[in-house]
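Asks: Build me a model from this:
(chains A and B)
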Amino acid sequence: MKSCHTAKETKADYSPTHVLKTASSLKKQDSPPKKIALMGNPSAGKSAMFSQMTGVTVIISNIPQTTVMVQQGLSQINGHKVLIYDLPGVYSVTAATEDEAATKEFLISTPLDAVIDIVDATRLERNLYLTLQLLELGLPIVVALNQVDLLKTLDLDIDVDSLEKELGVKVVPTIATQGEGVHATLEAAYKVAPAERKTTYRKIDYDDHVEHALESIIPLLPETRVPKRGFAARLLEGDKDFESKVDESTLTFVKGLRDEVQQAHNEDIAVTIARGRHSTADLIANAVMVKKVHKPTFAEKFGDIATRPRTGYPLLFLLVGGMLALIFYVGGFLSDLITAFFEDTVFPPIYAFVNAQVVNVFITSAIKSTLLAIAAAAAIAIPYILVFFIFLAILEDVGYLPRVATLLDRQAHLLGLHGRSLIPLLFGYGCSVPAIMATRALPTKKERIITTILITMIPCSARSAIILGVAATYAGVPYALAIYLISLVLIVASGRMLKSVVPGRTAGLVLEIPLIRRPALVPIIKKTWLRMKEFLYIAIPLLIAGSIIFGWLDLTGFSRLIEGPMTPITVGVLGLPAFTAICLIYGVLRKEMAMEMLAIASGTFIFSAVMTPIQIFVFCLVVTLYIPCLATFSVVVRELNWRWAVGGSIFTIVLALIVGGVAHWAFMLL
Amino acid sequence: MSQKYELSPSEEEYLEAIYTKQEGEEGSATTRNLAECLGVKDASVTEMLKKLSEKGLIDYTPYHGATLTEAGLKIATKVKRKHRLLEYFLVNVCGIDKQESHKEACEIEHVISDKAIDTLSAQLGHPSTCPGGRIIPEGEYPEGESELVKLSDVGKGAYMIRFLTSREPETISRLCSLGLLPGLTVKVLRKISKGPLIIEMKDTQIALGRDVAESLLVSPEEKEREKGKGKKKRAKGAPSHVTAS
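Replies: The predicted structure is shown next:
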């Protein structure tokens, strides 16, 4: 069986820009492994499928010209190695959101040997919309009809053979979460022959105007690996990627045809073409599916409870409260354990060794700083962030998050956003880094920018650790609550302001609400693990580097030096003791460092002995609000750009100083 | 108080002709130019005008001219609409040349029902001008029938999407991807006050922001209306005709 695609692969079409070391698994074999991409709607079960197919050895890399990450992993079928790409979930091959645009970019620039289209059996018509597009574009696909186990609970049945005949491609029923059908799917994908696709695939029935137009366009098209009919449809739609592949005169001709069709239908061409695709998908789905009388299941009733405001809000409070409690009690407990472990077991021998053997003071400092950084990462990342990720992964898989977005859409408008943005904002309570990464799913740039900046103002686990550990404990619980409240008010106010300041549009909420389903353990673990890896990969180098540098600054007495010049701010504006200056500087590296430095600089852990309750309050307030930590800053640079990162930071610093100053002076006057 | 006028085809022709004259330069129709236009004798015209005047469809001053009354205008507009829509259909869809189409439309317009023409218009995507370049008058929605309202204004029940007024590319793209297009039946499950709507389409639940729901114009589904289940609220200022930008 010839693989005609290898002939075209002269160089790697995209190179990973971030690589986590998994050396041996990536050694090239004699013939390059076949490249297979996983595509499908969000919630169709791609991640489950991917994690079943690949092992632990997974690389995360960038799709060029985007910030969207694609996971790739090695798998094997019948002794042959294959490379599997897990693309973001999309409804259509368009460029409406960053995820969709990136997926499209990937499909265009990467020659693939096969595409596995994961179709959610419980949403057949909708999923076929994507399938038909993939066929129209001439991609060699195999359909994995996933979640067939849910068909029974919904009183549905699908005739797989019929579906195969209708589509003209191989269809494999699967239950990805249980591993069923995964092997068969991979096998079919490995064997799929691309050449056939061009003639035997199921064509979309468009309406007459469009069909006439397509017929006129087809003769003008160059030979590419995309079937001419699909090419023509894309051109008619106004797809920029395809427009760039034809000459000026053809473009003008197509534009003329497009205007004619739009005139005739009095609607956007996109709508007309979409309708053609959907009606064909409808036809196919109705031909192969049997529906029986259906009574709502428990899962559906639960889903209802989540979205009905009267029951939904209480449920939300319960869950959020439960999550926070879980994070801080369980997380706090684990954090203490890990810190104790490092301090009692790891540090002493290493310190002893270093102190005895190493002469250079700077190296000593560097080693100690590195250890501290690692310990801190472990003590914060594992207990707080990991617990948070797990909790969120569960909610995600169950299908709860879109319901929250719906419920809180109206409230989100207060912030100048839509319900969708609330999910990344919720992430922000755990850690800003994954929260900002989650903004990729938002459809417009404006929403991404506003949501990102607001996330940097949300008290993450580290900041909450300070608020609770310092303010609540040493100043009083009302002060701690006040800080949370103030930050909330400021976030709302900032959101509204940003809404007018940031250019661009926001898109209205159009959100699919998936079925409630039982979460499966393995996909959750794998998903969480991958997120942790991404986070640690960003955070740890920064923490280590930052710690070393700060350690050296400390060594050279810089810390003392900074106190003086900063007095106008620390003492004058904020009314804090002068030694807090260095704490605020350190807080830029990691927020909890502000707390640690406070102990070191003041000489004690009993903060109430050296600062008044007001001073503690102001200190914690400022730390909560001002500039996000270094890791967050770097993610903002990555996701948006330098301007927004710097601008946002300055904004938060100024805000923190103003609010802190006001608090200080207000209390002075009372 | 809408009376149903049962008019003969020739009566309708007259009203149509008077409408055309009024639309055009003359401003009103005289016996002379009507006779010319319709190819009949002056006397026949006079007789007909008297009849129409008695029915309250025109104001007729002998030897001066005829103008349509409000009732007459309604009917004439409707006939004109049918004519132009039929012309549009015959020329653009059936591929018949303009002259032939005009002749055919002249015949069909008198026998085709209001409902059929409204459906035809919807199927054609509510075209706004006929092949001759003249405006196609808007349809009238007699009580109880397809009145277009915003999805955000309706209560629970089944509706058919008729038109999408949004011009935002992201929203259009999103709606297209999910299949929320004119011609689709959706069921409104829940409305969160001042917040999103939750609808069901093709066995999936979708949450729509209020602003998106406002841009979707719908009409109640047949079955629901007859059963009396669908609560069709009267929208304030429901647009009867929306043009694309």
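Asks: going forward, measure contacts and count neighbours with C-alpha atoms only.
Replies: Fine.
Asks: Could you give the separation of the lengthiest strand in chain A from the chain centroid?
Replies: Assignment by DSSP state E gives strand A:69-77 as the longest strand of chain A. Here strand A:69-77 is found 19 Å from its chain centre; the criterion is CA atoms, centre = their mean, to the nearest Å.
Asks: Equivalent analysis for stretch B:62-72, please.
Replies: The chain centre lies 24 Å from the centre of stretch B:62-72; the measure is CA atoms, centre = their mean.
Asks: In PDB, list the C-alpha atoms belonging to that stretch.
Replies: Output of stretch B:62-72 as PDB, limited to C-alpha atoms (Å, rounded to 0.1, in the frame of the first residue of the first chain):
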ATOM      1  CA  PRO B  62     -66.500  60.700 -13.000                       C
ATOM      2  CA  TYR B  63     -64.400  62.100 -15.800                       C
ATOM      3  CA  HIS B  64     -61.600  62.800 -13.400                       C
ATOM      4  CA  GLY B  65     -60.000  59.700 -12.100                       C
ATOM      5  CA  ALA B  66     -59.800  57.000  -9.600                       C
ATOM      6  CA  THR B  67     -57.600  56.700  -6.500                       C
ATOM      7  CA  LEU B  68     -57.500  53.700  -4.200                       C
ATOM      8  CA  THR B  69     -59.100  53.800  -0.800                       C
ATOM      9  CA  GLU B  70     -57.300  52.200   2.100                       C
ATOM     10  CA  ALA B  71     -59.100  48.900   1.500                       C
ATOM     11  CA  GLY B  72     -58.400  49.100  -2.200                       C
END
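Asks: where exactly do the strands run in chain B?
Replies: Going by DSSP E, chain B shows strands at B:58-61, B:65-68, B:149-150, B:157-164, B:185-191, B:197-201, B:204-208, B:216-220.
Asks: What of the stretch 451-600 of chain A?
Replies: A:510-513 (DSSP state E, counting those that start in this stretch).
Asks: how about low-confidence regions in it?
Replies: A:559 (pLDDT under 70).
Asks: Quick one: name the residues of chain B near chain A.
Replies: B:92, B:124-128, B:168-179, B:181, B:190, B:192, B:194-196, B:202-212, B:243-244 (CA under 8 Å from any CA of the partner chain).
Asks: Just the buried residues of stretch B:15-31, please?
Replies: Within stretch B:15-31, the residues scored as buried using 16 or more other CA atoms under 10 Å in any protein chain shown are B:L15, B:E16, B:A17, B:I18, B:Y19, B:T20, B:K21, B:Q22, B:S28, B:A29, B:T30, B:T31.
Asks: Excluding sequence neighbours, find me the nearest residue to the third one.
Replies: If you skip the residues right next to it in sequence, B:A17 has B:L34 as its closest partner in space, 7.1 Å away by CA to CA, 6 or more residues apart in numbering or on different chains.
Asks: Contact partners for the one you found?
Replies: B:A17, B:I18, B:V45 (CA atoms under 8 Å, 6 or more residues apart in numbering or on different chains).
Asks: What residues does residue 122 make contact with?
Replies: Since you didn't name a chain, this refers to chain A. Contacts of A:T122 by CA under 8 Å, 6+ apart are A:Q147, A:V148, A:L150, A:L151, A:L154, A:L156.
Asks: Oops, wrong one, chain B.
Replies: B:R162.
Asks: my read: A:T632 touches A:S432, true?
Replies: Yes. In this structure, A:T632 is within contact of A:S432 by CA atoms under 8 Å, at 6.1 Å.
Asks: quick check, nearest of the contacts of A:T122 to B:I135?
Replies: A:L156 (48.8 Å; CA to CA).
Asks: The nearest residue to the closest one once chain neighbours are set aside: what's it in contact with?
Replies: Closest residue in space to A:L156, ignoring its immediate chain neighbours: A:K291 at 4.8 Å, by CA to CA, 6+ apart. For A:K291, the contact set (CA under 8 Å, 6+ apart) comprises A:D155, A:L156, A:D157.
Asks: Now do A:K291 against A:H80, distance only.
Replies: The gap separating A:K291 from A:H80 is 40 Å, by CA to CA, to the nearest Å.
Asks: ok now stretch A:501-515, how far from the chain's centre?
Replies: Distance, centroid of stretch A:501-515 to centroid of chain: 16 Å (CA atoms, centre = their mean).
Asks: list the buried ones in that stretch?
Replies: Buried residues in stretch A:501-515, counting neighbours by 16+ other CA under 10 Å, are found at A:T506, A:A507, A:G508, A:L509, A:V510, A:L511, A:E512, A:I513, A:P514, A:L515.
Asks: which among those gets closest to A:L584?
Replies: Looking across the buried residues of stretch A:501-515 and measuring by CA to CA, the closest to A:L584 is A:T506, at 35.6 Å.
Asks: tell me the phi and psi of the closest one?
Replies: phi -110, psi 150 (degrees, to the nearest 10).
Asks: who's in contact with it?
Replies: A:T506 sits next to A:L417, A:P443, A:T444, A:K445, A:K446, A:E447 when contact means CA under 8 Å, 6+ apart.
Asks: Filter those down to the ones in helices?
Replies: Mapping the contacts of A:T506 onto helices (DSSP state H) picks out A:K445, A:K446, A:E447.
Asks: circling back to that earlier point, list only buried entries from the contacts of A:K291.
Replies: The buried subset of these - by 16+ other CA under 10 Å - is A:L156, A:D157.
Asks: Can you flag which of the contacts of A:K291 belong to strands?
Replies: Going by DSSP E, the strands hold A:L156, A:D157 from the contacts of A:K291.
Asks: So among the contacts of A:K291, where is pLDDT lowest?
Replies: Across the contacts of A:K291, the member with the lowest pLDDT is A:D155, scoring 80.
Asks: Quick one: residues contacting that residue.
Replies: A:K291, A:K292, A:V293, A:H294.
Asks: Excluding chain neighbours, what is closest to the third one?
Replies: I take that to be A:V293. Closest to A:V293 by CA to CA, 6+ apart is A:D155, at 6.8 Å.
Asks: quick check: domain ranges of chain B?
Replies: For chain B, automatic domain parsing gives the domain ranges B:1-140, B:149-227.
Asks: Over the shortest one, what's the mean pLDDT, rounded is fine.
Replies: Over the span of domain B:149-227, the pLDDT mean works out to 80.
Asks: Run a quick neighbour tally on whatever residue of the stretch 201-350 of chain A ends up closest to chain B.
Replies: Closest residue of the stretch 201-350 of chain A to chain B, CA to the nearest CA: A:H265 (4.6 Å). The tally of other residues near A:H265 (other CA atoms under 10 Å in any protein chain shown) stands at 20.
Asks: is it true that it touches B:L124?
Replies: Yes. If you go by CA under 8 Å, A:H265 and B:L124 touch, sitting 5.9 Å apart.
Asks: that older thread, tell me which ones among the contacts of A:T506 also neighbour chain B, please.
Replies: Contacts with chain B are made by A:P443, A:T444 out of these, judged by CA under 8 Å from any CA.
Asks: Looking at the contacts of A:T506, which gets the smallest pLDDT?
Replies: For the contacts of A:T506, the least confident entry is A:P443, with 75.
Asks: For B:T171, see how far away it is.
Replies: When A:P443 is compared with B:T171 (using CA to CA), they lie 9 Å apart.
Asks: Thanks a lot, see you next time.
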